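I need the structure of the sequence given here:
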Amino acid sequence: MTTTPSEKAAGVSLGMPQLPAPDYPADVRARLETDAKDVIARYPDSRSALLPLLHLVQSEEGHVTRTGMRFCAEMLGLTTAEVTAVATFYTMYRRKPSGDYQVGVCTNTLCAVMGGDAIFDELKQHLGVGNDETTEDGKITLEHIECNAACDFAPVVMVNWEFFDNQTPESAKRLVDDLRAGVPVEPTRGAPLCTYKETARILAGFPDERPGAVEATGGAGPASLIGLRLAKGEVPQPRVVHPRAGGPQDEAPAEHLSSHDAPQETSASDPAHPAGPTAEEGE
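Residues are numbered from 1 along each chain as shown. Next comes the predicted model:
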């Protein structure tokens, strides 16, 4: 059976079915089976191990291959269609060869407004690649990504899921240049950077054995903790606003908390202003 030009243009083939995926070499298969059994033993239902197993096979080849999906299916007693449905749903599973460093630029609303779109455009031109493409040296895969829950450090760039905060087009270009040149770079916060394959193995649930890596993960930055401090009743230092005409004011203005700064009394919590409909239902 042949494929028509229109079918080719649509990326559809009605020809011969694809042959089964080849297996891993015997030594690789034996090593992966040992790791996979370790992962599967953590779950009361083996099917629940599929997500970490996909990270495991991704750590072997840098992306989830047909061979990797076949391996997951055989280890878990699933069909390859069931495994494929999961592997194609989550964007953290790569479906084609990618670089040692996955550079993701957040282009969601706040990061975009703060310069994320400009960073992404500059990096595309600087690296000579488009979205979800890899540089010729195999070092960098560039992609725009959705919110990383780091809006207080916008605009944010992530490299192999580690944060690089408060970026600019120039700092982002220096970052990718250093990565391509093999110059060590340190995330703004979080663990030291490692390759994409190493990251995938950690995501599969295996310990990060690099000296000092776990201790270096740290916690949230100051900007992330302001809301928590307010919720605990801690009053932040008042901001002193200087008048346009000259020097500092004699007294700091009273702190004004907006509805976004701290929990305020509402009709639900203030007995003096009870909540409730003004009329019975149906009137």
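
mind listing the strands for this protein?
101-106, 133-134, 140-145, 157-159, 162-164 (DSSP state E).

would you turn those into JSON lines with mean neighbour count and distance to residue 189?
To be clear about C-beta, it is placed using only N, CA and C from the backbone, and glycine gets the same treatment. Shown next, in JSON lines, are the strands of the chain (neighbours: other CB atoms under 10 Å; distance: least, CB to CB, whole Å):
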{"stretch": "strand 101-106", "mean neighbour count": "25", "distance to residue 189": "15"}
{"stretch": "strand 133-134", "mean neighbour count": "18", "distance to residue 189": "26"}
{"stretch": "strand 140-145", "mean neighbour count": "22", "distance to residue 189": "18"}
{"stretch": "strand 157-159", "mean neighbour count": "23", "distance to residue 189": "12"}
{"stretch": "strand 162-164", "mean neighbour count": "21", "distance to residue 189": "6"}
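
between these, which gets nearest to residue 205?
Closest to residue 205 of the strands of the chain is strand 162-164 (CB to CB; 18.1 Å).

Turn the strands of the chain into JSON lines, columns for distance to residue 210 and mean pLDDT.
What follows is those, written out as JSON lines (distance: least, CB to CB, whole Å; pLDDT from 0 to 100):
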{"stretch": "strand 101-106", "distance to residue 210": "16", "mean pLDDT": "95"}
{"stretch": "strand 133-134", "distance to residue 210": "25", "mean pLDDT": "94"}
{"stretch": "strand 140-145", "distance to residue 210": "22", "mean pLDDT": "94"}
{"stretch": "strand 157-159", "distance to residue 210": "16", "mean pLDDT": "94"}
{"stretch": "strand 162-164", "distance to residue 210": "13", "mean pLDDT": "91"}
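
Rebuild the ones you listed as JSON lines, extending it with distance to residue 178.
Converted to JSON lines, these look like this (distance: least, CB to CB, whole Å):
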{"stretch": "strand 101-106", "distance to residue 178": "10"}
{"stretch": "strand 133-134", "distance to residue 178": "17"}
{"stretch": "strand 140-145", "distance to residue 178": "11"}
{"stretch": "strand 157-159", "distance to residue 178": "10"}
{"stretch": "strand 162-164", "distance to residue 178": "11"}
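
who wins for proximity to residue 35 among those strands?
Across these, closest to residue 35 is strand 101-106 (CB to CB), at 21.9 Å.

Go ahead and flag the most central residue of this structure.
Geometric centre of the chain, nearest residue: residue 161, 5.1 Å, by CA atoms, centre = their mean.
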